[in-house]
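In: Give me a model of this one.
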Amino acid sequence: MEADLPVKEIMTREVCVEFKDESLLNASRKMIEYGVGSIVVIENGRPVGIVTEKDLIEKVISRNKLPSDVMLKDIMSYPLVTITPATSLREAARIMLKKGIRRLPVVDEMGNLVGIVTDNDILRVSLDIGELARLITENSIGYSEELYGKCEKCGRFSDNLIEHNGLRICEDCLETYE
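Out: The predicted structure is shown next:
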């Protein structure tokens, strides 16, 4: 992952938000409309909490509560962990891992919500960078397609496959043939 890439480059700018006094039923409908697994709870125009699918399971479904009877303020996770648009992807990922969270609302210097970054956003960028590295490797002098990939015997990924009896296999599997 490119450590210096700021989250503002990948964040979702249209965030699913709702007021803290809204019912979970209405909020969940809005989450479906946005196609997201969380809703940022706002008060006086500022983000104050978040309700995620996990909150729904732990605080509503498992307790057999009716979504129409539950207000967001009663189940939201807070205090809200936020980052700024200039925060690097690496730092955002570190915060998510340390705090055990999957979403980070992005706020400007005034505390206004300007976006959200999820673990999937970071993973997508990481995979894109990995794909770029693969393309560079493929176009390098001396590249051989057989050097890396999935072992055709054990199925593990290896960056050092060897052609043996018509199969591309890893070094460990080659030892079992010898």
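In: So, low pLDDT: which residues of this structure?
Out: For the chain, the stretches with pLDDT under 70 are 1-3, 127-148, 178.
In: 80 instead, please
Out: For the chain, applying pLDDT under 80 flags the ranges 1-4, 126-150, 157-160, 176-178.
In: how far away is the residue nearest the centre of it from residue 19?
Out: Centroid-nearest residue in the chain, with Cα atoms, centre = their mean: residue 119, separated by 1.5 Å. Applying Cβ to Cβ, to the nearest Å, the value for residue 119 to residue 19 is 26 Å. Heads up, the C-betas are built off the backbone N, CA and C, glycines and all.
In: again, but for residue 117
Out: Counting by Cβ to Cβ, the gap from residue 117 to residue 19 is 23 Å.
In: Those two: which has the busier surroundings?
Out: Under the neighbour definition other Cβ atoms under 10 Å, residue 117 and residue 19 were set side by side, and residue 117 has more, 27 against 16.
In: from what I can see that one touches residue 10, true?
Out: Yes - if you go by Cβ atoms under 8 Å, residue 117 and residue 10 touch, sitting 6.6 Å apart.
In: Break the protein into its domains for me.
Out: 7-123, 137-177 (automatic domain parsing).
In: where do the helices sit along this protein?
Out: For the chain, the helices defined by DSSP state H occupy 24-34, 53-59, 72-75, 89-99, 119-138, 171-177.
In: Tell me which of these sits most buried.
Out: Highest mean neighbour count among the helices of the chain (mean count of other Cβ atoms under 10 Å): helix 72-75, with a mean of 19.
In: got a list of contacts for that helix?
Out: 18-24, 27, 39, 41, 49, 51, 55-56, 59-60 (Cβ atoms under 8 Å, 6 or more residues apart in numbering).
In: Let's see that with 10 Å instead.
Out: For helix 72-75, contacts defined as Cβ atoms under 10 Å, 6 or more residues apart in numbering pick out 18-24, 26-27, 39-43, 48-52, 55-56, 58-60, 63, 65, 67.
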